[in-house]
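In: Pasting a predicted model and its sequence here:
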Amino acid sequence: MMATFLSGPACEAETPKNVVVMAKSLDDLITLDPAEAFEFSGTEIVANLYDRLFQANPQKPEEPIPDLVESWSISEDGLRYEFTLKEGRVFRDGRPLLSDDAVFSIKRAIILNKTPAFILSQLGLSEQNIDERVRVLSDLRFVFEVDKNYSPSLILNILSATITSVLDKQTVLQHSEEGDLGQKWLRANSAGSGPFQVSRWNVGEYVVLDSNPGHPNFSKRIGKIIIRDIREPATQRLMLIRKDIDIARDLTPDQIIALSDEAGVALWSRSQARIFYISLNQKNSILADPKVQKAIRFAIDYEGIVRHLLPGRAEVHQSFLPEGFLGSLNENPFAFDVAQARKLLDEAGHKKGFVVRVDVRSDTLALQVAQAIQTSLAQVGITLEIRPADGKQVLTRYRARRHDMYLGYWGPDYMDPHSNAAAFVRNLNNSDGANDRTLAWRNNWDIPQLSRLTDAATLIRDPSARAAAYTELQRIVQNDSPFIVLFQERALVAARDYLKGLEIGLTSDQIRYENIMK
């Protein structure tokens, strides 16, 4: 049976009752290791493989929801957190999940020091002090020490991030090769206590997840989730109509409209925290000019792109904190203004314009947005050369600071405003050897003073005062930075109407599969 519905889209076969088949572009899927996964597809899948100490709380983001944690206490000076885990949580083989596993998982992330490690290292954790700062007290109790008296909501939200997923220490170490702490093995396998485990990953084809009967939210109705790597939205739509898949995740707005009268298909939309943005590498002297940056802001037809390309899929949003986050700024000061853009370019000494390249993922919507921006920039004299590539290639180039302009998506790593602020407005070390390789770092935006303001906001305990600090940071980025935030996304999902329970949250790690039923 598996061969039938894992073959090509030309083969019509209704999916089995205990199997859910979902079509989704996995072009950004690099690894399933929680210490390394930092892409949308990876963090979504990892969230369904592992449990974490806390879960995000979209209704009240300053109060994360305990998951593995039963209780906790904070020292008077705010530097020491003591956590007690719930009893009875087990890994796939039945071994109990203990504080030693939680401590190992945090230490491992710091030692490996992969891209998302800054989420933890920003709290003063390092390979040199991690044994002292994070340590076991008993089977179900451990200590987590930080370097400053941060807002507690920041700490608890960080402990809901994908990188803090709790791994089975014993299993991981059994698969360690040459001291890599299981990194090679975990790229395509899992060692968690979550509702699913990895059964098989064929790169470029599919990921198969088996349900975990030992999980509290285990569903007896669904035995497998199969995520098909289908990158063409038109193919996803055809497969959904033919019942070769149960869920289509990447349909364009016009395809969603075309499905509205299709019998047996249900459609829904959910707000997400993912934002579309453009970034300008400050190594490019032209793009480093504030007048050029502002000219580009006025040379984009935000409303036109949403109206024609992204109806129901996005809303104009020009600040780095999405709606739903503490301190989000819901002001959109820029609109398409050719005369103003030309005036600014003239003042910057570029009356005849210039040529610049933009890197973008080669998915349909991203390319359409890039082409629309290319058209509007041409009206002010800027020639935009679009350089599309596979998501992994684009991200690799971007992370190596080898771009001029980048057009892409960004989603927060946890539900605290510092998640995005740390990415967009924090770069204390602009050298190539920096540990914290934030978005500001990727774009060579050297901002020690603004970085200190960003860090200061993490120490504010009063929610309203903290919100005000992040609002001010957003205004700075809106008006004088290499970042041009364009839109906030909405997820458009199409599924067979017998399918229920897919949870689409604000962030990719809030997309959950365990309540799906047919």
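Out: Sure thing, it's come through.

In: Residue 396 versus the nearest residue to residue 429 once chain neighbours are set aside, what's the distance?
Out: Residue nearest to residue 429 in three dimensions, not counting chain neighbours: residue 436, with 6.8 Å by CB to CB, 6 or more residues apart in numbering. For the C-beta atoms, the positions are set from N, CA and C on the backbone; glycine is no exception. When CB to CB, to the nearest Å is applied, the distance between residue 436 and residue 396 equals 19 Å.

In: between those two, which one's more packed in?
Out: Neighbour comparison, residue 436 and residue 396: the larger count goes to residue 436, with 18 against 13 (by other CB atoms under 10 Å).

In: The more buried one belongs to a helix?
Out: No - the assignment for residue 436, made by DSSP: H, G, I helix; E, B strand; the rest coil, is coil rather than a helix.

In: In terms of pLDDT, where does it sit?
Out: Looking at residue 436, its pLDDT is 82.

In: got a list of what the residue most central in space within the chain touches?
Out: In the chain, the C-alpha closest to the average C-alpha coordinate belongs to residue 411, at a distance of 3.9 Å (CA atoms, centre = their mean). Applying CB atoms under 8 Å, 6 or more residues apart in numbering, one finds that residue 411 lies in contact with 40, 272-275, 507-508.

In: Can you lay out these as JSON lines showing distance to residue 372?
Out: As requested, the contacts of residue 411 are exported to JSON lines (distance: CB to CB, whole Å):
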{"residue": "40", "distance to residue 372": "22"}
{"residue": "272", "distance to residue 372": "21"}
{"residue": "273", "distance to residue 372": "23"}
{"residue": "274", "distance to residue 372": "19"}
{"residue": "275", "distance to residue 372": "17"}
{"residue": "507", "distance to residue 372": "26"}
{"residue": "508", "distance to residue 372": "25"}
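
In: I'd guessed residue 286 sits against residue 354; true?
Out: Yes - between residue 286 and residue 354 a contact is recorded at 5.6 Å, counting by CB atoms under 8 Å.

In: elements contacting the longest strand belonging to the chain?
Out: Longest strand in the chain by number of residues, with DSSP state E as the criterion: strand 265-280. When contacts are defined as 3 or more CB pairs under 8 Å, 6 or more residues apart in numbering; DSSP states H and E, strand 265-280 packs onto helix 290-298, strand 405-410, strand 483-496.

In: isn't residue 362 right up against residue 388?
Out: Yes - using CB under 8 Å as the test, residue 362 is close enough to residue 388 to be in contact (3.9 Å).

In: Could you pull out the helices in the stretch 101-250 of the chain for me?
Out: Listed in chain order, the helices of the stretch 101-250 of the chain (DSSP state H, counting those that start in this stretch) span residues 118-121, 130-133, 152-158, 169-174, 183-186, 233-241.

In: Rebuild those helices as CSV, extending it with mean pLDDT, distance to residue 212 and mean neighbour count.
Out: Putting the helices of the stretch 101-250 of the chain into CSV (pLDDT from 0 to 100; distance: least, CB to CB, whole Å; neighbours: other CB atoms under 10 Å) gives the following:
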stretch, mean pLDDT, distance to residue 212, mean neighbour count
helix 118-121, 92, 26, 22
helix 130-133, 98, 29, 15
helix 152-158, 96, 25, 23
helix 169-174, 98, 14, 17
helix 183-186, 98, 17, 20
helix 233-241, 96, 27, 21
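
In: Mind putting those helices into JSON lines with distance to residue 452?
Out: Formatted as JSON lines, the entries for these read as follows, by distance: least, CB to CB, whole Å:
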{"stretch": "helix 118-121", "distance to residue 452": "16"}
{"stretch": "helix 130-133", "distance to residue 452": "23"}
{"stretch": "helix 152-158", "distance to residue 452": "16"}
{"stretch": "helix 169-174", "distance to residue 452": "37"}
{"stretch": "helix 183-186", "distance to residue 452": "34"}
{"stretch": "helix 233-241", "distance to residue 452": "44"}
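
In: Nice, that's everything, thank you.
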